[in-house]
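Visitor: here you go, sequence then predicted model.
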Amino acid sequence: MLVSAKEMLEKAKAEHYAVGQFNINNLEWTKSILLTAEELKSPVILGVSEGAGKYMAGYKTVVGMVNGMMEGLGITVPVALHLDHGSYEGCLQCVEAGFSSIMFDGSHYPIEENIEKTKELVKIANDHGMSIEAEVGSIGGEEDGVIGRGECADPDECKAIADLGVTMLAAGIGNIHGKYPDNWEGLSFDTLAAVNEKVGDMPLVLHGGTGIPEDMIKKAISLGVSKINVNTECQLSFADATRKYIEAGKDLEGKGFDPRKLLAPGADAIKATVKEKMELFGSVGKA
Ligand code: 13P
């Protein structure tokens, strides 16, 4: 059964590790992530952007697939199904469809409006026993049409949003979706420390997990980050392994064109990336 992300993230914050949110795109992604979490006895969050939800034929399809797969694969570790960078409408649709967690990204609104809309959704999420993530400042770059300028969060605004009773808070700290440019200045640990001080026990979320050096990940966890989002890195691993299979002409050997064979190296590559991240984040054995 899907669970709210609240308990797993509060435990992570208290014990100084982070739970990975891995974004899903299709059946192969979902299966690879769930199997790895089960093998490593790690809690996990499946992230679904609005674009990915649409691609998978709607949120109800996603809920049906994930629930069916958890039963079919005998998954016993805690799994949260979470809307990533949701609009107000998207959040309502995911509550209706049976997600166990939502993110309302009101970071592009003036702070008063972000507070107002987040407050309404906190009540709805609470009524349904779901976890809810909010965002202050913004994540740079672009993810599935969501574009951010990457401004660092104001710690007082973070406190105002945290006080609404959200489960977890994404604060912009110089992080960027997608690959980091060569001239990236790194994470702003001063901002993170100031935000963490203001919000106390509230789990903090680090978006843009792809390509952040290990030492920065560890430092971020030590300063209160307890959920780290990874999307692009699984996409790159999948594409790389699939390209190698095709370039080696394996799809032309025997029944190598069978999608179950053609997509297998990519699926295995996602598993390897997820394993590497779970080990780095410290969530192995925490289920
Ligand atoms: P990356 O694509 O950079 O890993 O970011 C993922 C993310 O933050 C999802 O919200």
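Guide: Noted; the coordinates are in hand. Numbering: from 1, shown residues only.
Visitor: can you pull out the helices in the chain?
Guide: Applying DSSP state H to the chain gives helices spanning 6-15, 27-40, 50-55, 59-73, 88-97, 111-127, 155-162, 189-199, 214-222, 232-247, 259-262, 264-281.
Visitor: mind checking those for the one nearest to the ligand?
Guide: Nearest to the ligand among these is helix 232-247 (3.4 Å), distances taken as Cβ to the nearest ligand atom. No exception for glycine: its C-beta is placed from N, CA and C like everyone else's.
Visitor: hmm, back to that, adding distance to the ligand and mean pLDDT, write the helices of the chain out as TSV.
Guide: Listed next are these as TSV, based on distance: least, Cβ to the nearest ligand atom, whole Å; pLDDT from 0 to 100:
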stretch	distance to the ligand	mean pLDDT
helix 6-15	15	98
helix 27-40	13	98
helix 50-55	10	98
helix 59-73	16	98
helix 88-97	13	98
helix 111-127	17	97
helix 155-162	17	96
helix 189-199	15	97
helix 214-222	12	98
helix 232-247	3	98
helix 259-262	24	98
helix 264-281	10	98
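Visitor: in TSV: these, plus mean neighbour count.
Guide: Compiled in TSV, those are given as follows (neighbours: other Cβ atoms under 10 Å):
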stretch	mean neighbour count
helix 6-15	19
helix 27-40	21
helix 50-55	18
helix 59-73	16
helix 88-97	18
helix 111-127	17
helix 155-162	20
helix 189-199	20
helix 214-222	15
helix 232-247	17
helix 259-262	12
helix 264-281	20
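Visitor: next one: phi and psi at the nearest residue to residue 62 once chain neighbours are set aside?
Guide: Closest residue to residue 62 apart from its sequence neighbours, by Cβ to Cβ, 6 or more residues apart in numbering: residue 56 at 5.2 Å. The phi and psi values for residue 56, taken as degrees, to the nearest 10, are phi -90, psi 20.
Visitor: wait, isn't residue 56 in contact with residue 64?
Guide: No - taking Cβ atoms under 8 Å as the definition, residue 56 is not a contact partner of residue 64, at 10.0 Å.
Visitor: wait, what's in contact with the closest residue to residue 55 other than its chain neighbours?
Guide: What sits nearest to residue 55 in space, not counting adjacent residues and going by Cβ to Cβ, 6+ apart, is residue 25, at 6.7 Å. Residue 25 is in contact with 52, 55, 56, 235, counting by Cβ atoms under 8 Å, 6 or more residues apart in numbering.
Visitor: let's have those residues in JSON lines, adding distance to residue 228.
Guide: What follows is these, written out as JSON lines (distance: Cβ to Cβ, whole Å):
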{"residue": "52", "distance to residue 228": "18"}
{"residue": "55", "distance to residue 228": "23"}
{"residue": "56", "distance to residue 228": "23"}
{"residue": "235", "distance to residue 228": "16"}
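Visitor: do stretch 173-185 and the ligand meet at all?
Guide: Yes - judged by Cβ under 6 Å from any ligand atom, stretch 173-185 comes into contact with the ligand through 177, 178.
Visitor: can you pull out the residues in contact with that stretch?
Guide: 137, 139-143, 146, 148, 150, 152-153, 186-189, 191-192, 195, 206-208, 210-212, 220, 231-232.
Visitor: tell me the buried residues in that stretch?
Guide: 173, 174, 175, 176, 177, 178, 180 (16 or more other Cβ atoms under 10 Å).
Visitor: how about those residues, which pair is most distant?
Guide: Farthest-apart pair in these is 173 and 178; separation 16.3 Å (Cβ to Cβ).
Visitor: mind checking how far the residue lying farthest from the centre of the chain is from residue 262?
Guide: In terms of distance from the mean C-alpha position of the chain, residue 254 ranks first, at 38.2 Å (Cα atoms, centre = their mean). Remark: distance between residue 254 and residue 262 (Cβ to Cβ, to the nearest Å) = 12 Å.
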